[in-house]
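Q: Kindly return the folded structure for what I paste below:
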Amino acid sequence: MKYFIDTNIIIDFLNKEEEAIQKLTEIARENDSELYINRLVSLESLRTIPMKNSKIFQASQETLENFEKLDINPEIYNLENIYQAFLLEDY
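A: Numbering: from 1, shown residues only. This next block holds a predicted model:
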């Protein structure tokens with residue numbers, strides 16, 4: 001399954017919030033899962049890390065580079081909204 005990961009999930013994961021860790025771990029364990037973000041999600045997520053934490057910033061940047069990057073078009077945007085609603089049901 002393909003998953004577009006929203007900025008809030010990445011930020012929660014970086015902040016070590018248990019629900020986000022569990023959800024992303026569950027998704028990552030699926031054999032056929034594909035995780036996607038876009039450049040804006042990457043930038044917004046990294047923006048939340050204070051620059052004084054350069055090691056955390058660099059490690060997070062490297063991790064985010066492992067995600068497949070998508071250009072957002074209306075079809076992808078609509079799918080992301082559906083997925084976000086799904087996450088809110090489980091959150």
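Q: from here on, contacts and neighbour counts on C-alpha atoms
A: OK.
Q: which regions of this protein lie under the pLDDT threshold?
A: 76, 89-91 (pLDDT under 70).
Q: State which helix of it is the longest.
A: Assignment by DSSP state H gives helix 74-90 as the longest helix of the chain.
Q: So which residues make contact with that one?
A: Outside helix 74-90, the residues that touch it by CA atoms under 8 Å, 6 or more residues apart in numbering are 3-6.
Q: Most neighbours among those residues, please name it.
A: The most neighbours of any of the contacts of helix 74-90, using other CA atoms under 10 Å, belong to Phe4, which has 22 neighbours.
Q: Tyr36 versus that one, what's the distance?
A: Computed as CA to CA, to the nearest Å, the Phe4 to Tyr36 distance reads 5 Å.
Q: How about Ile11?
A: According to CA to CA, Ile11 and Tyr36 sit 15 Å apart.
Q: ok, those two, which is more surrounded?
A: Residue environment comparison for Ile11 versus Tyr36 gives the larger neighbour count to Ile11, 20 against 17, counting by other CA under 10 Å.
Q: what about the more buried one, is that helix, strand or coil?
A: Secondary structure for Ile11, judged by DSSP: H, G, I helix; E, B strand; the rest coil, is helix.
Q: what's the closest non-adjacent residue to it?
A: Ser45 (5.5 Å; CA to CA, 6 or more residues apart in numbering).
Q: And the nearest residue to Ile9 once chain neighbours are set aside, how close does it get to Met51?
A: Among residues not flanking Ile9 along the chain, Ala20 sits closest, at 5.9 Å (CA to CA, 6+ apart). Counting by CA to CA, the separation of Ala20 from Met51 is 23 Å.
Q: related to what we said a few turns ago, please dump the contacts of helix 74-90 into CSV; it should also carry distance to Leu88 and secondary structure for every row.
A: Output for those, formatted as CSV (distance: CA to CA, whole Å; DSSP: H, G, I helix; E, B strand; the rest coil):
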residue, distance to Leu88, secondary structure
Tyr3, 15, strand
Phe4, 14, strand
Ile5, 13, coil
Asp6, 12, coil
